[in-house]
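Chemist: Next input, structure requested:
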Amino acid sequence: MTNEIITITAKDGRRIQVKCWTSETAKAYIHICHGMAEHMNRYNEFAQFLYTQGYNVICHNHRGHGENEILGHYANEDGWSKTIQDIVDVQEHVIQNKELPLFLFAHSMGSFIAQGYAIRYGNRLSGLILSGTNYQHPFMYHAGRIIAHLEKFRLKEGSPSSVMDKLSFASFNNHFKPNRTDFDWLSRDPEQVDKYINDSLCGFPCSAETWRQLLSGLIEISQKKQLDKIPHSLPMYLFGGEKDPVGRMGKGIRALKQKLRQTGHDNVTHKLYKEARHEMLNETCKHDVYNNVADWIEQQL
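Modeler: Alright, predicted model coming up:
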């Protein structure tokens with residue numbers, strides 16, 4: 001059974017789209033969590049690759065992303081916790097063999113949500129893989145949350161915030177002037193950048209409330225006492241591009257590894273790809289990235 005799409009209903013009534021690649025002979029489950037302003041179908045090629053390596057693969061659209069959604073809006077309240085609970089709901093609905101190892105692969109915004117998941121449910125995992133992630137002092141997130149809070153009161157509930165969009169995505173492109181497009185920061189591969197731009201379910205601005213909720217989550221996962229709740233024995237693999245502005249040009253991944261080591265997580269490895277940007281699965285070296293991820297997962301089994 002491959003490439004099956006199902007819809008599950010979250011506890012608050014939200015409908016979550018899920019895509020599955022499964023077989024009865026799989027050696028583990030890999031659950032993919034996508035990034036902000038994109039969707040699960042962008043991971044089809046990577047999921048198919050993992051499936052051919054012998055894994056069951058799950059990928060779902062985060063609330064506020066994908067078809068039939070209010071794009072860019074988690075929820076009117078408590079969106080951070082609800083996005084984490086969605087991961088749990090998807091797994092409980094889809095995973096048939098609870099004895100198989102479970103890995104969580106998460107990119108960008110998904111990598112932050114995945115850390116929130118690992119803080120709460122890390123004992124369910126056999127490994128955590130974070131792509132295009134970052135760590136920095138929570139002071140920066142507190143400042144951003146204040147702006148998002150002000151934007152929330154300025155705008156209608158659920159309305160996109162151009163201010164937050166400019167402070168985030170627009171600022172990332174400043175590293176790559178002169179710019180061919182507004183999304184040069186995603187990849188060195190112009191074809192992949194153009195695919196993103198031409199995808200109506202990508203590149204949209206998110207609501208002020210979503211930003212406020214996400215920044216609250218970032219504050220949570222940046223605290224030592226919270227990271228300490230992730231099982232210390234959990235293997236973690238962090239990777240990204242040396243030219244990724246989300247990961248502060250490699251500094252953020254190194255900082256996250258150091259912070260995890262400080263909280264007693266000794267089984268943490270990282271890899272930075274020279275000259276690569278944010279979307280490593282869509283970079284010019286993507287096949288090396290695919291194989292490196294698969295090799296790391298195999299080592300954990």
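Chemist: for the stretch 101-250 of the chain, what spans make up the helices?
Modeler: 109-121, 138-154, 162-165, 171-172, 190-197, 208-221, 224-227 (DSSP state H, counting those that start in this stretch).
Chemist: where in this structure is pLDDT low?
Modeler: Counting by pLDDT under 70, the chain shows low-confidence ranges at 1-2.
Chemist: Excluding sequence neighbours, find me the nearest residue to the residue nearest the centre of it.
Modeler: Nearest to the geometric centre of the chain sits G110, at 1.8 Å (CA atoms, centre = their mean). Nearest in space to G110, with sequence neighbours left out and distances taken as CB to CB, 6 or more residues apart in numbering, is C33 at 3.4 Å. All C-beta spots, glycine's among them, are computed from the backbone N, C-alpha and C.
Chemist: Equivalent analysis for I32, please.
Modeler: C59 (4.1 Å).
Chemist: so what does the helix or strand hosting that neighbour touch, helix or strand wise?
Modeler: Using DSSP states H and E, C59 maps to strand 56-60. Here strand 56-60 touches strand 15-21, strand 29-33, helix 44-52, helix 79-94, going by 3 or more CB pairs under 8 Å, 6 or more residues apart in numbering; DSSP states H and E.
Chemist: Contacts for that strand, please.
Modeler: 16-23, 26, 28-34, 40, 43, 47, 50-51, 86-87, 90-91, 94-95, 100 (CB atoms under 8 Å, 6 or more residues apart in numbering).
Chemist: Run the chain-centre distance for that strand.
Modeler: Centroid displacement of strand 56-60 relative to its chain, using CA atoms, centre = their mean, to the nearest Å, is 13 Å.
Chemist: again, but for stretch 36-47
Modeler: 10 Å.
Chemist: What residues of that stretch count as buried?
Modeler: 36-43, 46-47 (16 or more other CB atoms under 10 Å).
Chemist: closest to F169 among the residues you listed?
Modeler: Of all these, F169 sits closest to A37, with 7.6 Å by CB to CB.
Chemist: Can you tell me the element that closest one falls in?
Modeler: Per DSSP H and E, there is no helix or strand for A37.
Chemist: Contacts only, for it.
Modeler: Per CB under 8 Å, 6+ apart, neighbours of A37: 65, 72, 169, 202-206.
Chemist: same thing but at 10 Å, please
Modeler: 64-65, 71-72, 108-109, 165, 168-169, 183, 196, 199, 201-206 (CB atoms under 10 Å, 6 or more residues apart in numbering).
Chemist: which of those count as buried?
Modeler: 64-65, 71-72, 108-109, 165, 168-169, 183, 196, 201-203, 205-206.
Chemist: quick one, which of the helices and strands packed on strand 56-60 is packed in tightest?
Modeler: Looking across the helices and strands packed on strand 56-60 with neighbours counted as mean count of other CB atoms under 10 Å, the highest average goes to strand 29-33: a mean of 25.
Chemist: Who are the packing partners of that one?
Modeler: With contacts taken as 3 or more CB pairs under 10 Å, 6 or more residues apart in numbering; DSSP states H and E, strand 29-33 sits against strand 15-21, helix 44-52, strand 56-60, helix 79-94, strand 102-107, helix 109-121, strand 127-131, helix 286-300.
Chemist: if we go to 7 Å?
Modeler: strand 56-60, strand 102-107, helix 109-121 (3 or more CB pairs under 7 Å, 6 or more residues apart in numbering; DSSP states H and E).
Chemist: orientation of the first one relative to strand 29-33 in degrees?
Modeler: Between the axes of strand 56-60 and strand 29-33, defined by axes from the mean of the first three to the mean of the last three CA atoms, to 10 degrees, the angle is 20 degrees.
Chemist: so what's Q96 closest to, chain neighbours aside?
Modeler: T22 (7.8 Å).
Chemist: and the helix or strand where T7 lies, what other elements does it pack with?
Modeler: Counting by DSSP H and E, the element that carries T7 is strand 4-9. Strand 4-9 is packed against strand 15-21, helix 79-94, with contacts defined by 3+ CB pairs under 7 Å, 6+ apart.
Chemist: Kindly recompute the last result at 6 Å.
Modeler: With contacts defined as 3 or more CB pairs under 6 Å, 6 or more residues apart in numbering; DSSP states H and E, the packing partners of strand 4-9 are strand 15-21.
Chemist: If I take the strand it packs on and strand 29-33, what angle do their directions form?
Modeler: Using the same axes, to 10 degrees: strand 15-21 against strand 29-33 is 140 degrees.
Chemist: Pull up the pairing partners for strand 15-21, direction included.
Modeler: strand 4-9 (antiparallel), strand 56-60 (antiparallel) (DSSP bridges).
Chemist: Fine by me, thanks again.
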